[in-house]
Structures are given as C-alpha cells and as structure tokens.
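[1] output the structure for:
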Amino acid sequence: MEKDVLDRFDLSARGINDAVEETAARLAALPVDPKEALRLRFLLEEILLQYRDHFPEDTGVSLRFSEIFSSFRVSVRIKCESLDPFRKEEGTEESVMGSLLANAESLRRGWRYRNLCNDVAFTIAKKRKLNQALAILIGIVCGIALGVLCNAILPAAAPEIAERIVAPLTNAFIGLLCVMATLMCFCAITLGIVRFGDISTFSAVGKKMIKVFLLVSLALALFNTAWIVPWMFVGSSSGVSLELYSIFEILLSYVPNNILSPILEFNSAHIIFIGIMFGIAMLVMGHKADHLTELMDEVNTVAVLTNGYMDRFIPVYVGMMAFGLITSGQITVLSGFFQLLAMVVLGELVTLLGYTLYLCFRLKVPVRSFFRKQLPAFMIGLSSASAGAEFNTALTTMIGALGVDADFAAFAYNLGGILFRPGYCIVFTSCSLFMASLYGVEVTWSWLLAAFLLSFILSVATPPVLGGATVCFSILFSQLGLPTEALTLVISLNAVFEFLTVAVNGYCLRSQIVLLADSFDKLDVDRLRGQE
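    Presented below is the predicted three-dimensional model:
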C-alpha cells in the first residue's frame with residue numbers, strides 16, 4: 001500500500017491552514033460523502049489548533065494519504081510530546097470535538113504515540129455508487145427472476161440446486177456475519193461505557209439521563225410486544241404456552257458460566273453481558289485502562305471496516321436467498337409483508353405521537369408549533385435514513401427552536417445517540433413476533449421474554465454504521481431460533497424500515513432531551529412555547 005507523504009507543515013496559523021486546505025483538496029477529488037469530508041476537515045483543524053495551544057508553532061507536522069481497500073486514510077504526525085487530542089480532560093470531547101465525532105457514519109479516528117510522534121489517523125469510507133436499498137431491491141429481483149427461470153428450465157434439479165449450492169453459501173455468509181456482529185456489539189457496549197469519562201459522569205445528570213433513556217426503551221419494547229401478541233397469536237396454531245418456570249432459566253442464561261464459552265460459541269447475550277462488566281471495570285480503572293481502551297478501539301475499527309466490506313455483499317446474499325425461496329417452493333412466505341409493514345409503521349407513529357402529546361400537555365406547548373419546529377430534522381432523517389445527516393440540524397433545533405441549554409443539549413444528544421433508539425425497539429419486536437407467527441415457531445412466555453429483552457438490548461447495542469441493524473437482526477433471529485429465510489426477508493424490508501426508524505429515533509430523542517432539560521432547569525420554556 002503506497003503512501004503519499006507531505007512533510008512541509010507546522011503548527012503556525014499558515015501551516016495549519018495549508019494542511020487543512022491540502023486535505024480538503026485531496027478529499028474533494030475522492031468518491032467520499034461530502035458531509036463526512038467536511039467533518040474530517042473541521043476535525044483536523046480542531047486537532048491542530050489544540051496541539052498549537054500546547055506546543056511551539058514551529059513544531060513539525062506531516063500528512064500521509066493512503067488507500068485501504070474501499071477506504072481512504074488521512075494520517076497526521078506531530079513531532080512533540082504525547083498528547084491525546086480525543087481525551088475529555090483536554091476540554092474538547094464534549095463540545096466542538098464531541099459534536100464533530102458524534103454520529104460519524106463512515107469516518108473512523110484513532111491516536112497513538114510512537115517514535116516521539118503523535119499519530120492521528122482518520123479513515124473514511126468510499127461513497128457507494130449504488131444506494132444500498134436499490135442494490136438490495138435489484139438483488140431480490142434478480143434472484144426471483146433466476147429462480148423462476150431455473151424452475152422453468154430445470155424443474156427437477158431446481159430444489160437440489162437450492163439445497164446443495166445456495167443454502168451452504170448463504171449459511172456460511174450468515175455465520176461470518178454473526179461472528180462480526182458479536183465482536184462489534186462487545187466493542188460498542190464496552191467503549192460506550194468507557195467513553196463516559198469517569199465514574200463521576202454517572203452521578204447527577206449522567207445517571208438520570210442513562211436511567212431515563214434505558215427505562216423508556218425497555219418500556220417501549222415491552223409495550224410493543226404486549227399489543228402485538230393478541231393480534232398475532234390469538235387463535236394461532238403456534239399459541240403462547242404458559243411456562244413460567246422457564247423465565248427464571250432465561251434470566252440465568254444471560255450470565256455466562258466462564259469467559260471463554262461466549263467467544264467460542266458466539267453467544268451474543270453472554271458477550272453483551274461481559275461487555276457491560278468490562279466497560280464498568282475499565283471506567284473504574286480510569287487512566288490505568290487507557291492502553292486497553294486504545295487496543296479495543298483499534299479492534300472496533302477493524303470490525304467496523306470488515307463489516308462495511310461484508311455489507312456490500314448483502315444484496316448478493318439476499319438475491320441468493322430469493323433464488324432459494326423460489327426454487328425450493330417457499331415463495332408462499334412472501335405473503336403478509338404489508339401486515340408487518342403496518343405493524344412497524346403503526347408502532348413507530350404511535351410512539352412519536354405519544355411523545356408529542358405528552359410533552360405538549362406537560363409543558364403547555366402548542367402541538368402544531370412543536371411539530372413544526374421538529375419537522376426540518378425529522379425530514380432529513382426520513383429522506384436520508386442517516387442520523388449523521390440530521391445531526392447538525394437536530395442540535396441547532398434543540399438549542400434554538402426548542403430552547404435547550406447548549407452544553408446540556410450537546411452532552412445529552414451524544415449520550416442519547418448511544419443509548420436511546422426507540423425506533424429499533426419497535427422494529428426488532430415487530431419483526432421477531434411476526435416471523436415467529438409466519439413460520440409457526442412455538443411462542444412461549446420464556447420466548448416472549450427473550451424477544452423483548454433482546455430487542456431492548458440490541459436497540460442500545462446497534463452499531464451506528466451502515467449494516468449495523470443487519471448484524472443485530474442476525475443476532476436476534478439466531479437467539480430466537482427463527483430460520484435464515486426469515487432473516488433474509490427482514491433484511492430486505494429493513495431497507496424500507498430504516499428511513500422511518502432513523503427519523504423516529506431522532507424525533508423521540510430530541511423530545512426526551514427537552515423533558516430532561518426541563519427537569520434540570522436547563523430549558524427556556526418561553527422559547528419552546530414561542531411561535532416561529
């Protein structure tokens with residue numbers, strides 16, 4: 001891998017400007033997301049200014065540009081004493097730097113000190129030439145067309161092809177996907193806890209925020225499970241059998257017997273449990289765990305990049321599964337899609353409406369005015385299916401139109417972006433229950449408990465990257481014993497669900513932050529109630 005190295009910069013105002021402009025010019029010529037490129041430019045400027053505050057202006061700075069598979073890397077080397085620019089103690093993580101880093105979907109960063117130099121690296125993914133949803137749709141159409149053609153030309157051999165060729169390939173891909181999913185979830189849980197900073201962050205504001213975010217997500221998962229069960233299973237042959245004794249066993253099953261079996265068996269529930277324990281322990285250790293945090297951050301970056309490469313093959317995988325459904329005679333499972341879509345849309349819209357009415361009634365805010373203030377960020381999320389795309393508009397809306405204190409809004413939005421994704425709670429519970437009914441999976445009380453608990457946990461652990469929900473679906477379905485055919489159908493539909501889910505996540509998060517700000521006296525109620 002050849003690198004392009006430039007060593008003509010320093011920490012003077014001119015040197016910083018030249019380095020930033022050179023990076024911007026390189027990125028402008030690359031097929032990357034313009035928003036992520038702009039974010040990287042601002043990050044680079046913030047980091048160099050931070051180093052200039054601590055070291056002489058004549059300190060040497062070099063830039064390195066390289067390409068890694070489907071990503072580009074920009075590395076900055078500053079020849080000076082060790083200084084981690086991403087540490088909260090330096091006063092930037094929770095303000096400008098934190099806002100820039102939050103919700104970066106295709107941008108990854110890292111820092112290390114070696115050979116008396118600070119190395120800060122940013123990896124940015126190439127922009128896809130074809131939209132993922134469109135690619136999946138093309139894969140489905142091609143798979144169905146090939147399946148119909150195969151049935152017409154080779155009617156006797158078609159089932160054999162599906163069983164002996166297509167099924168092994170798709171099973172192997174799902175297995176690899178599950179392996180990466182468990183690693184990503186472990187890193188997401190552990191690093192999410194560690195990046196709170198220290199134990200004091202959990203006191204006062206932090207504790208209440210975390211408790212509210214988690215309890216509301218848990219309540220939404222439970223509520224969605226409760227109202228769907230009578231609809232889907234009353235009079236159904238699958239039924240809901242009463243096995244209360246097994247609920248205790250389910251709860252105990254989330255605790256691993258040893259530290260190796262979850263890794264060897266890829267048990268996602270155990271890995272999440274260990275991730276929570278590791279994260280709390282590393283948080284208590286403070287700076288003593290810095291090297292471990294750095295190593296885990298690197299592992300997480302590798303896992304995210306690997307998942308990004310694998311995500312490009314999902315349209316092929318979905319196409320093969322569609323081919324298998326046609327050739328194996330299982331096309332009848334395609335019926336009922338509109339019912340699942342109605343379940344998801346209804347659940348998410350009820351959640352959104354419930355938040356709106358409760359907030360407006362409690363704070364005496366006109367419903368029409370509140371929704372109009374939320375609308376710009378909501379529409380960005382709805383049209384792009386990207387939390388990163390709506391981030392700046394959402395933050396501006398909270399601080400300006402909704403009257404939330406600026407520091408409070410930045411901290412809460414970054415924290416809530418990790419812990420609070422109510423839209424995913426709705427999607428995970430709806431899809432798992434619908435597919436259980438569709439495929440005749442026996443639904444017991446212990447199964448229902450597992451479904452809603454996993455939906456809650458995975459809504460928190462969903463990696464904020466492309467394909468993050470996909471890997472969580474693979475975990476959810478494997479734990480609940482749902483067939484791979486069900487996973488294929490859900491992955492296809494998730495391309496549609498994702499747009500509404502991201503928009504509802506952002507809307508509910510902003511609403512919840514307004515409620516929290518009011519409880520901490522960090523809300524300008526007059527501005528919130530004011531008409532625009």
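[2] how about whatever helix or strand Leu487 lives in: buried residues?
    Using DSSP states H and E, Leu487 maps to helix 484-519. Buried residues in helix 484-519, counting neighbours by 16 or more other Cβ atoms under 10 Å, are found at 484-518. The C-beta positions use only the backbone N, C-alpha and C, and glycine is treated the same way.
[3] for that helix, what is the average pLDDT?
    In this model, helix 484-519 has a mean pLDDT of 83.
[4] that helix: what's the following helix or strand?
    helix 525-529.
[5] what packs against that next one?
    helix 337-363 (3 or more Cβ pairs under 8 Å, 6 or more residues apart in numbering; DSSP states H and E).
[6] can I see the domain layout of the chain?
    Domain assignment of the chain by automatic domain parsing yields the ranges 4-125, 132-529.
[7] tell me which of those domains sits most buried.
    domain 132-529 (a mean of 19; mean count of other Cβ atoms under 10 Å).
[8] strands of the protein, start to end?
    4-10, 60-68, 71-78, 107-114, 117-125, 240-241, 443-444 (DSSP state E).
[9] in JSON lines: the ones you listed, plus mean pLDDT.
    Listed next are these as JSON lines, based on pLDDT from 0 to 100:
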{"stretch": "strand 4-10", "mean pLDDT": "78"}
{"stretch": "strand 60-68", "mean pLDDT": "83"}
{"stretch": "strand 71-78", "mean pLDDT": "84"}
{"stretch": "strand 107-114", "mean pLDDT": "74"}
{"stretch": "strand 117-125", "mean pLDDT": "82"}
{"stretch": "strand 240-241", "mean pLDDT": "44"}
{"stretch": "strand 443-444", "mean pLDDT": "79"}
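[10] OK, contacts around the closest residue to Phe420 other than its chain neighbours?
    With Cβ to Cβ, 6 or more residues apart in numbering as the criterion, Phe420 has its nearest non-adjacent residue at 4.1 Å, and that residue is Phe213. Counting by Cβ atoms under 8 Å, 6 or more residues apart in numbering, Phe213 touches 415-416, 419-420, 512.
[11] dump the strands of the chain to TSV, plus distance to Val316.
    What follows is the strands of the chain, written out as TSV (distance: least, Cβ to Cβ, whole Å):
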stretch	distance to Val316
strand 4-10	33
strand 60-68	22
strand 71-78	20
strand 107-114	25
strand 117-125	19
strand 240-241	37
strand 443-444	32
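[12] to Ala162, which of these lies closest?
    strand 443-444 (27.9 Å; Cβ to Cβ).
[13] which neighbouring elements make contact with the closest one?
    Using 3+ Cβ pairs under 8 Å, 6+ apart: strand 443-444 touches strand 240-241, helix 422-438.
[14] how far off centre is stretch 57-64?
    Distance, stretch centre to chain centre, for stretch 57-64: 35 Å (Cα atoms, centre = their mean, to the nearest Å).
[15] nope, stretch 112-125 is what I meant
    On Cα atoms, centre = their mean, the centre of stretch 112-125 falls 25 Å from the chain's centre.
[16] could you do stretch 159-176 as well?
    28 Å.
[17] let me know the average pLDDT across that stretch.
    Here the average pLDDT along stretch 159-176 is 78.
[18] got the end-to-end distance for it?
    25 Å (Cα to Cα, to the nearest Å).
[19] what lies in contact with that stretch?
    150, 154, 310, 313, 317, 320-321, 323-324, 327-329, 474, 484, 487-488.
[20] mind redoing it with 7 Å?
    The contact list for stretch 159-176 (Cβ atoms under 7 Å, 6 or more residues apart in numbering) reads 150, 310, 313, 317, 320-321, 323-324, 327-328, 474, 484, 487.
[21] ok, now which ones touch the spatially closest residue to Tyr507 that is not a sequence neighbour?
    Distances taken as Cβ to Cβ, 6+ apart place Phe378 nearest to Tyr507, at 5.2 Å, with adjacent residues excluded. Contacts here follow Cβ under 7 Å, 6+ apart; on that basis Phe378 touches 503, 506-507.
[22] what's the closest non-adjacent residue to Leu214?
    Leu419 is the one closest to Leu214 (Cβ to Cβ, 6+ apart), at 6.2 Å.
[23] need the contact list for the closest residue in space to Pro56 that isn't next to it in sequence.
    Excluding its sequence neighbours, the residue lying closest to Pro56 (Cβ to Cβ, 6+ apart) is Leu11, at 7.1 Å. If you count contacts by Cβ under 7 Å, 6+ apart, Leu11 has them with 48, 51-52, 55, 57, 59, 61.
[24] how about 8 Å then?
    Leu11 neighbours (Cβ under 8 Å, 6+ apart): 48, 51-52, 55-59, 61, 78.
[25] what sits against the nearest residue to Ser82 once chain neighbours are set aside?
    Closest residue in space to Ser82, ignoring its immediate chain neighbours: Tyr113 at 4.1 Å, by Cβ to Cβ, 6+ apart. Residues near Tyr113 by Cβ under 8 Å, 6+ apart: 82, 84, 119.
[26] my guess is Thr470 contacts Pro315, does it?
    No. With contact defined as Cβ atoms under 8 Å, Thr470 does not reach Pro315; the gap is 11.5 Å.
[27] what touches both of these two?
    Counting by Cβ under 8 Å, 6+ apart, nothing touches both Thr470 and Pro315.
[28] any idea how far the helix holding Leu487 is from the middle of the chain?
    With Cα atoms, centre = their mean, you get 10 Å for helix 484-519.
[29] gap between Gly275 and Val194?
    Relative to Val194, Gly275 is positioned 10 Å away (Cβ to Cβ, to the nearest Å).
[30] equivalent analysis for Asn300, please.
    Taking Cβ to Cβ, one finds Asn300 at 11 Å from Val194.
[31] just the pLDDT for the residue nearest to Phe420.
    83.
[32] now do the phi/psi pair for the residue lying closest to Gln50 once chain neighbours are set aside.
    Nearest residue to Gln50, sequence neighbours excluded (Cβ to Cβ, 6+ apart): Pro85, at 5.2 Å. Note on Pro85: backbone dihedrals following degrees, to the nearest 10 are phi -70, psi -10.
[33] I figured Pro85 hits Leu48, correct?
    No. Taking contacts as Cβ under 8 Å, Pro85 lies outside contact range of Leu48: 9.0 Å.
[34] what sits against Phe420?
    213, 216-217, 505, 508-509, 512.
[35] can you put those in CSV and add distance to Phe42?
    Shown next, in CSV, are the contacts of Phe420 (distance: Cβ to Cβ, whole Å):
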residue, distance to Phe42
Phe213, 28
Val216, 32
Ser217, 31
Asn505, 24
Cys508, 28
Leu509, 23
Gln512, 28
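[36] nearest to Val460, of those residues?
    The closest of the contacts of Phe420, once distances to Val460 are taken by Cβ to Cβ, is Ser217, at 6.6 Å.
[37] what sits against that closest one?
    Ser217 touches 419-422, 425, 456, 459-460, counting by Cβ under 8 Å, 6+ apart.
[38] roughly how far apart are the residue nearest to Tyr507 and Arg368?
    From Phe378 over to Arg368 (counting by Cβ to Cβ), the distance is 14 Å.
[39] now swap in Ile271 and tell me
    Taking Cβ to Cβ, one finds Ile271 at 46 Å from Arg368.
[40] hmm, back to that, quick check: pLDDT value at the residue nearest to Leu214.
    75.
[41] likewise for Leu149?
    At Leu149, pLDDT is 88.
[42] could you report the separation of it from Pro155?
    11 Å.
[43] and Gly175, by the same measure?
    31 Å.
[44] make TSV out of the contacts of Tyr113 and add distance to Gly347.
    Formatted as TSV, the contacts of Tyr113 follow (distance: Cβ to Cβ, whole Å):
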residue	distance to Gly347
Ser82	50
Asp84	42
Asp119	46
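[45] closest one of those to Thr396?
    Asp84 (29.0 Å).
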